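Novice: Quick one, what's the 3D model for this:
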Amino acid sequence: KEYNITLESFNRNLVLPQWFEAGDKQNELRAARIGKEFGVDFLIKGSGDEYERAPELKATGSRLIVPIAFPDAFDLSDPYDALGISLHQLRHWELAPANAAALAKQGIEFALTTSDLKNPSDFLKILRKAIARGLTEEQALKALIHNPAIFLGISDKVGSLRKGMVANFLVTSRGLFDKDNVI
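Specialist: Below you'll find the predicted structure:
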């Protein structure tokens, strides 16, 4: 009788959240199709350019983990170097900060991650940029607290303020996302 140890291990761990790091825009759609084919509800880690195909991603019903690492501004001081920058690169530089807002507008469930940040301590500053580009503070909090708890299957313990739940509190001098806020 044939025995596949990898398949057996995969089937045994289906009760755990299944992750799929897509890496690019086409692989996000492929991951959703693979998940549908095998009956696995993948959490798909995106690449930060989901705004390019938000309606298609909405149609898959996938839950996304979205990096908020935005591209740096291009150095255009040398005209010859500037010629090497494509319209696609410029467009991504312009639209990447509005990525989370585009997903929220489509009604796609997503969580935010610091995974691709060069300096994770810049997270709050970069998150403020996403808020300035259309993500509401409520959507940002949901993507940071509520959605990850649901995605991991632990929303009965964390992710909202209710009796019997584990909670962490911050005391702030202003709104949490205000620039001059002191925690």
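Novice: Just list the residues touching the residue nearest to the spatial centre of the chain, thanks.
Specialist: Centroid-nearest residue in the chain, with Cα atoms, centre = their mean: residue 66, separated by 1.4 Å. Contacts were defined as Cβ atoms under 8 Å, 6 or more residues apart in numbering; by that measure residue 66 touches 45-46, 48, 50, 99-100, 103, 110-113, 143. Any C-beta I mention is one placed from the backbone N, CA and C, and that applies to glycine too.
Novice: out of those residues, who has the most neighbours?
Specialist: residue 100 (29 neighbours; other Cβ atoms under 10 Å).
Novice: Which residues are in contact with that one?
Specialist: So residue 100 contacts 66, 68, 110, 112, 130, 135, 139-140, 143 (Cβ under 8 Å, 6+ apart).
Novice: how does it look with 10 Å?
Specialist: By Cβ atoms under 10 Å, 6 or more residues apart in numbering, the residues touching residue 100 are 48, 50-51, 64, 66-68, 108, 110, 112, 127, 130-131, 133-136, 139-140, 143.
Novice: So which of those residues are in helices?
Specialist: If you go by DSSP state H, the contacts of residue 100 have 127, 130-131, 139-140 in helices.
Novice: Perfect, that will be all.
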